[in-house]
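Asker: this one's sequence-less:
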């Protein structure tokens, strides 16, 4: 195992740019620092520095080791701060990853029950691709991921899929666009301008398959990673767009659009992905229990 004292001396030297400056900062002799760095280089079997005049320049290996050292000592700092504040701060930190294919309204509704617990919760929310978030979960940087599908088998990430629920799909459009439609749903979608989620979302494949099954070929005007942006385009009349039926009434009110139709054949699913097979964190349990109840009867509290 790497000697972290040696690593710390290397890290400080790399940050200060020279052994002399590092020794002044650490209040130890340059000879001590130089000897400790040499021991680290012998253990790794690679040189970490090259001489550059009076200063030192990192080798390729040195730059790689520095990037890890930055993270290691940053986490150590974070640990120390957490321990210092634990006795006075009752607020628990819940680190949640939100897959960027999840509508923001859905994310809020799924996480809100954790805010109602007796012990206060502080959220740290990160939005990114599911693949990136799973990498952070594997490194224990996240407690939970909210996603529209389970862990993809090809990624080989260890985690557990907790099914939260599912709902049908609503088709929505600006009133001005709906007034131009003559046929009933879903025939009114033929040749209609259409906005769809990008292939980052599992719902895109389901939507296209359903349209093909109905022999409907709308005009695809745009694909969107950000479904909030897709709603904004839809609000402006750029095309018909879809939302999970669980938030259709909310979207209609917020974006001043109308429901054109809906189908239960296109099902949006929601998962909580965690490293625990059996959830024990009270916040995670509250999220899972409330989600199943809400998605079973989403219109009851809209």
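Answerer: Received, thanks. Since this is a predicted model, take the numbers as computed values, not measurements. Residues are numbered from 1 along each chain as shown.

Asker: for the rest of this, base every contact and every neighbour count on C-alpha atoms.
Answerer: Will do.

Asker: looking at it, residue 232 is touching residue 254, isn't it?
Answerer: No - in this structure residue 232 lies outside contact range of residue 254 using CA atoms under 8 Å: 10.4 Å.

Asker: list the contacts of residue 266.
Answerer: 168, 169, 203, 206, 207, 210 (CA atoms under 8 Å, 6 or more residues apart in numbering).

Asker: name the SS class of it, please.
Answerer: strand (DSSP: H, G, I helix; E, B strand; the rest coil).

Asker: residue ranges of the strands in the stretch 201-302 of the chain, please?
Answerer: For the stretch 201-302 of the chain, strands defined by DSSP state E, counting those that start in this stretch occupy the ranges 219-224, 241-244, 258-274.

Asker: residue ranges of the helices in this protein, please?
Answerer: Assigned by DSSP state H, the chain shows helices spanning 4-16, 19-26, 30-44, 60-86, 104-111, 130-138, 175-178, 203-213, 227-235, 248-255, 282-296.

Asker: the last one to strand 258-274, inter-axis angle?
Answerer: Read that as helix 282-296. Taking axes from the mean of the first three to the mean of the last three CA atoms, to 10 degrees, one finds helix 282-296 and strand 258-274 inclined to each other by 150 degrees.

Asker: now helix 282-296: average pLDDT?
Answerer: What helix 282-296 shows for mean pLDDT is 87.

Asker: residue 45 versus residue 226, what's the distance?
Answerer: 47 Å (CA to CA, to the nearest Å).

Asker: out of those two, which sits in the more crowded spot?
Answerer: residue 226 (17 against 9; other CA atoms under 10 Å).

Asker: for residue 142, see how far away that one is.
Answerer: 22 Å.

Asker: same check, this time on residue 56
Answerer: Per CA to CA, residue 56 is found 37 Å from residue 142.

Asker: who's more crowded, those two?
Answerer: Each of residue 56 and residue 142 has its neighbours counted (other CA under 10 Å); residue 142 has more, 21 against 17.

Asker: tell me the contacts of the more buried one?
Answerer: Counting by CA under 8 Å, 6+ apart, residue 142 makes contact with 94, 95, 96, 97, 133, 136.

Asker: what subset of those is buried?
Answerer: Those of the contacts of residue 142 that meet the buried threshold are 94, 95, 96, 97, 133, by 16 or more other CA atoms under 10 Å.

Asker: which pair in those residues spans the largest distance?
Answerer: 94 and 133 (14.6 Å; CA to CA).

Asker: any idea of the pLDDT on the nearest residue to residue 43 once chain neighbours are set aside?
Answerer: In this structure, residue 43 finds its nearest non-sequential neighbour in residue 2, 7.8 Å apart by CA to CA, 6 or more residues apart in numbering. Note for residue 2: predicted pLDDT of 84.
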